[in-house]
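Asker: Let's see this in three dimensions:
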Amino acid sequence: MTAPLLSFELAAARRGRTAPLFAAGFALASIAIALVGLSAGGSIVVQGFARTSISLLQLILWVVPLLALLSGAVAGAECYELEFIAALPLTRAQLVVSRWAASLVALGVALFIGLGSAGLVISVFAGAADGWRYLGLLAIAALLLSACLAVGLAIGVQVRSRGRALAVAIIAWCVLVVGVDFVAMGVLALLPAGTAVGPLSLLLVADPIDAARALGLGLFQADAIAGPTGAALRAVMGGWGGLVLIVSLLAWTGLPLRFAARTLARRDL
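Answerer: Purely as a prediction, here's the structure:
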C-alpha cells in the first residue's frame, strides 16, 4: 500500500454517500437507544454506559457487519474496473489493501461519530461511570468492521460481478448472524451435557460476529445472556480467552485480504 494510492481511494470514499448516511443514521439510532423514554415527571431518562452499551452492542452486531460486507463486496468487484491503476507499478495486493483501508477509515469515522454521539448523551445525562468500557465497545466495533470489510472484499474479488457479490454478501451476513447460532443449538442438542464447551468455543472463533458478541458481553460482564454460546463464553473469557477472540478477529481481517490479493493477482482485469 502506497500513500498516493491510499489518498486516491480515500478521495473516492469521501465522494460517496454511504459513510455520511451511515454516520447520520447510526447516530440517530444510537441516541434513540440511549434515550430510553420519559419519566413520570416528564424528564428524559438515560441509562448509564454499562446497561445502554448492551443494547448498542446488538445494534452494532446487526448493522455494522451488513454494511461492511456490502461495502467490501462492491469494493472488491470494482477492482476489476481499475485497469488504469493496475497498469501502474503497483502490486495487486497494494490495490486490495488500499481499497480495504480507505473503506475502513471512511466507515470507521462514521461509526465513531454515531457511537460518540450516543456516548456524549449518556455522559451528560447519566455521568461517565464505566466510560472506559464504552471505549472498549468502540474498539470491538472497529475490529468487527475491519473483519467484515475484508470478508466482503474477498467475496467481491472472487465473484467479480457487483450484483452477485452483493447477493453473496447478504447470504454471508445471514449465515454469520443466524446460521452459526443454529449450529450452536444443534451442538448443544446432540452432545452430552458438559461436553459442548470445546465445539462452542471453536464456533466463537470461527464467526467474527459471535467473537465480537462474546467480547462485548464479557466486557460488560453480561455473558449470562449470551444465548446458546453462553457456557462457552464463560469458559473462554477466563484466562487468555479474550485475547484469543481478539486474535481471531484480526485473522478474519488478514486472511480474507490475503485471499483477495492472491485471487486478483491470478486474474486478468
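
Asker: residue ranges with poor pLDDT in this structure?
Answerer: By pLDDT under 70, the low-scoring segments of the chain are 1-2, 36-51, 82-89, 126-130, 184-185, 187-201, 221-240, 268-269.

Asker: And Leu5, how close does it get to Leu90?
Answerer: 6 Å (CB to CB, to the nearest Å). Where C-beta positions appear, they are placed from N, C-alpha and C, glycine not excepted.

Asker: Which of those two has more residues huddled nearby?
Answerer: Set side by side, Leu5 and Leu90 show more neighbours around Leu5, with 19 against 15, by other CB atoms under 10 Å.

Asker: surely that one meets Ser98?
Answerer: Yes. The pair formed by Leu5 and Ser98 meets the contact definition of CB atoms under 8 Å, at 4.6 Å.

Asker: number of nearby residues for Cys174?
Answerer: Residues near Cys174, counting by other CB under 10 Å, number 11.

Asker: now it: how far from Cys148?
Answerer: Applying CB to CB to Cys174 and Cys148 gives a distance of 13 Å.

Asker: Quick one: the strands in the stretch 1-150 of the chain, in order.
Answerer: Ranges of strands within the stretch 1-150 of the chain are 35-38, 44-46, based on DSSP state E, counting those that start in this stretch.

Asker: any idea how far Ala13 is from Leu61?
Answerer: Distance from Leu61 to Ala13, by CB to CB: 24 Å.

Asker: wait, I meant Ser55
Answerer: Distance from Ser55 to Ala13, by CB to CB: 29 Å.

Asker: If you count surrounding residues, which of the two has more?
Answerer: Ala13 (21 against 15).

Asker: That one and Arg133, how far apart?
Answerer: In terms of CB to CB, Ala13 sits 30 Å off from Arg133.

Asker: Show me the helices in the stretch 101-250 of the chain, by range?
Answerer: 131-159, 162-174, 180-190, 197-206, 208-219, 230-236, 241-266 (DSSP state H, counting those that start in this stretch).

Asker: Deepest-packed of these, please.
Answerer: Of all the helices of the stretch 101-250 of the chain, helix 208-219 carries the top mean neighbour count, a mean of 25, counting by mean count of other CB atoms under 10 Å.

Asker: CA atoms only for that one, dumped as PDB, please.
Answerer: Taking C-alpha atoms only, helix 208-219 is exported to PDB below (Å, rounded to 0.1, in the frame of the first residue of the first chain):
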ATOM      1  CA  PRO A 208     -16.400 -12.800  13.700                       C
ATOM      2  CA  ILE A 209     -19.800 -11.600  14.700                       C
ATOM      3  CA  ASP A 210     -20.000 -14.200  17.600                       C
ATOM      4  CA  ALA A 211     -16.500 -13.300  18.600                       C
ATOM      5  CA  ALA A 212     -17.400  -9.600  18.800                       C
ATOM      6  CA  ARG A 213     -20.600 -10.500  20.700                       C
ATOM      7  CA  ALA A 214     -18.600 -12.600  23.200                       C
ATOM      8  CA  LEU A 215     -16.000  -9.800  23.700                       C
ATOM      9  CA  GLY A 216     -18.800  -7.200  24.200                       C
ATOM     10  CA  LEU A 217     -20.800  -9.200  26.600                       C
ATOM     11  CA  GLY A 218     -17.600 -10.200  28.500                       C
ATOM     12  CA  LEU A 219     -16.600  -6.600  28.600                       C
END
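
Asker: so how far is it off the chain centroid?
Answerer: Centroid separation for helix 208-219 versus its chain: 11 Å, with CA atoms, centre = their mean, to the nearest Å.

Asker: what does stretch 57-68 give?
Answerer: 6 Å.

Asker: do the same with stretch 244-264
Answerer: 13 Å.

Asker: Equivalent analysis for stretch 115-124, please.
Answerer: 20 Å.

Asker: Buried residues in it, which are they?
Answerer: Neighbour counts using 16 or more other CB atoms under 10 Å place Leu115, Gly116, Ser117, Ala118, Gly119, Val121, Ile122, Ser123 of stretch 115-124 among the buried residues.

Asker: The fifth one contacts Arg133, doesn't it?
Answerer: No. Counting by CB under 8 Å, Gly119 stays clear of Arg133, with 10.9 Å between them.

Asker: Fine, thanks again, bye for now.
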